[in-house]
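S.K.: using only what follows, build the 3D model:
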Amino acid sequence: MRIAIDAMGGDYAPDEIVAGAVEAARQLDKDDELLLVGPQELIQAKLSGLGFRNGPVTVVDAPDAIGMDEPPVESLRTKPKSSIAVMAKLAKHEEADAVISAGNTGACVAAFQMRMRTLPGVNRPGIAVVFPMSAGPVTICDVGANIACKPINLYQYGLMSSIYAKSILGIGKPRVGLMSIGQEDAKGNEVVKRTRELLRSDPRMDFIGNIEGRDIFRGVCDVVVCEGFVGNVILKLTEGAVDGLFRAIKQELMQEKARLALKFKPIIMRVYQKHDYNEYGGAPLLGINGTALICHGSSKSRTIRNAVFAAKKCHTQRINDKITECLSEAAVRTSDA
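M.R.: Numbers count the residues shown, from 1 in each chain. Predicted coordinates:
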């Protein structure tokens, strides 16, 4: 399997990206290969600096990079040799079986959708993020790929995320909840109400109805369906809240006696690790005709390493084949919504 990695994507690129690729390369099967996409001389120098000279890593030259604050579509047009654009072309021409980037999310979604296309029957792809919870992982889709959803988009996000949760996370029968402003059927706008009808009409999904934001953390469902704008707010708000909570706990412990602080440190670290998104690597862009993972902009080497194995699992589990088959059997069509 050949996995392409955007070496120039993310706040800590290229150092952390290359380091993560090297960590993964040392654990890969003999038939696997990583393609680091970026300025060839720079990436080769980073590899040499890590003492990595002989291994399953090939550098693919891409002299340009798209910044995190650059307009996605315009940047892809004006920078055809950017790492994201080159990586998407590798996937299009089947020179890469999976692509991974911690770079500009909008540019990634646009490039992958334009070059790799969507699966048959998929209206719009969605980014599915896994929230690690004490009661078990919760998959939220979409978190930023589509901020103007139609009911058919949300219905398909529920279907695709259920397949992902079952195949990758090992959840036998994922419970699907629709994000709204109240649990009652009367709550929500017209898009939410129509989506609820579509989700409820499919007997293959264990649809539990509307959920509220707080329900994500209560373990009432395994899959949360929402539009990209709402999902992204949930994602960033949760990140900030968790970070703030752990900072507050650390500050309080620092004010206590050293012996007490040392006693609680391993407990706090265990809780933090259980809720650390880095363990899941990246978020799959579900609905794309290929395997694409979008990582957090602040990804470190561990995140990239885990993303490589997450991409490999998605590919070997044939998620796309399962999605295509499921959509072909669905009673709901694009014309229905």
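S.K.: from here on, just use CA atoms for contacts and neighbour counts.
M.R.: Fine.
S.K.: what sits against the residue nearest to Asp215 when sequence neighbours are not counted?
M.R.: Nearest non-adjacent residue to Asp215, counting by Cα to Cα, 6 or more residues apart in numbering: Cys221, 7.8 Å away. By Cα atoms under 8 Å, 6 or more residues apart in numbering, Cys221 lies in contact with 138, 174-177, 208, 215.
S.K.: which residues of the stretch 101-250 of the chain fall in strands?
M.R.: With DSSP state E, counting those that start in this stretch, the ranges of strands along the stretch 101-250 of the chain come out as 126-131, 138-141, 175-179, 206-211, 223-225.
S.K.: output those as CSV; include the columns mean neighbour count.
M.R.: Output for the strands of the stretch 101-250 of the chain, formatted as CSV (neighbours: other Cα atoms under 10 Å):
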stretch, mean neighbour count
strand 126-131, 27
strand 138-141, 29
strand 175-179, 26
strand 206-211, 20
strand 223-225, 30
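S.K.: Three-state assignment for Lys312, please.
M.R.: Assigned with DSSP: H, G, I helix; E, B strand; the rest coil, Lys312 falls in the helix class.
S.K.: what about it, how many residues nearby?
M.R.: Using other Cα atoms under 10 Å, the number of residues around Lys312 comes to 20.
S.K.: what's near enough to touch it?
M.R.: Applying Cα under 8 Å, 6+ apart, we find Lys312 in contact with 1, 98.
S.K.: got it, and Val22?
M.R.: The contact partners of Val22, taken as Cα under 8 Å, 6+ apart, are 47, 52, 57.
S.K.: the first one and Gly182, how far apart?
M.R.: Using Cα to Cα, to the nearest Å, we find Leu47 at a distance of 52 Å from Gly182.
S.K.: same question, Asp97
M.R.: Taking Cα to Cα as the measure, Asp97 and Gly182 are separated by 41 Å.
S.K.: returning to what we had before: put together a markdown table for the contacts of Val22, with neighbour count on each row.
M.R.: Listed next are those as a markdown table, based on neighbours: other Cα under 10 Å:
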| residue | neighbour count |
| --- | --- |
| Leu47 | 20 |
| Phe52 | 16 |
| Val57 | 21 |
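S.K.: about what we covered before: so which of the strands of the stretch 101-250 of the chain is nearest Ala4?
M.R.: With Cα to Cα, the closest approach to Ala4 among the strands of the stretch 101-250 of the chain belongs to strand 126-131: 18.5 Å.
S.K.: just how off-centre is stretch 276-294 within its chain?
M.R.: The chain centroid and the centroid of stretch 276-294 are separated by 3 Å under Cα atoms, centre = their mean, to the nearest Å.
S.K.: just the endpoints, please. Distance across it?
M.R.: Stretch 276-294 has an end-to-end distance of 16 Å (criterion: Cα to Cα).
S.K.: isn't Ile100 up against His296?
M.R.: No: judged on Cα atoms under 8 Å, Ile100 makes no contact with His296 at a distance of 10.8 Å.
S.K.: find the residues that touch each one of the two.
M.R.: Residues touching both Ile100 and His296 (Cα under 8 Å, 6+ apart) are Gly282.
S.K.: so for those two, which residue has more residues nearby?
M.R.: Neighbours were counted for Ile100 and for His296 using other Cα under 10 Å; Ile100 has more, 29 against 21.
S.K.: quick check: phi and psi on the more buried one?
M.R.: Reported as degrees, to the nearest 10, the phi and psi values for Ile100 are phi -140, psi 130.
S.K.: got the contact list for it?
M.R.: Ile100 is in contact with 3-6, 282, 292-295, 307-308, 311, counting by Cα under 8 Å, 6+ apart.
S.K.: same thing with Lys263?
M.R.: Under the criterion of Cα under 8 Å, 6+ apart, the contact list for Lys263 is empty.
S.K.: which stretches of this structure have low pLDDT?
M.R.: For the chain, the stretches with pLDDT under 70 are 275, 277, 333-337.
S.K.: and the residue nearest the centre of it?
M.R.: Computing the C-alpha centroid of the chain and ranking residues by Cα atoms, centre = their mean puts Ala283 first, at 0.8 Å.
S.K.: relative to Val18, how far out is that one?
M.R.: 19 Å.
S.K.: then Gly287?
M.R.: Per Cα to Cα, Gly287 is found 28 Å from Val18.
S.K.: look up phi and psi at Gly281.
M.R.: Gly281 adopts backbone torsions of phi 80, psi -90, taken as degrees, to the nearest 10.
S.K.: let me see the contact set for it.
M.R.: Taking Cα under 8 Å, 6+ apart as the criterion, Gly281 is in contact with 295, 302-308, 310.
S.K.: which of the residues in whichever strand or helix holds Cys326 are buried?
M.R.: Cys326 belongs to helix 319-329 when assigned by DSSP states H and E. Neighbour counts using 16 or more other Cα atoms under 10 Å place 319-320, 323-324, 327 of helix 319-329 among the buried residues.
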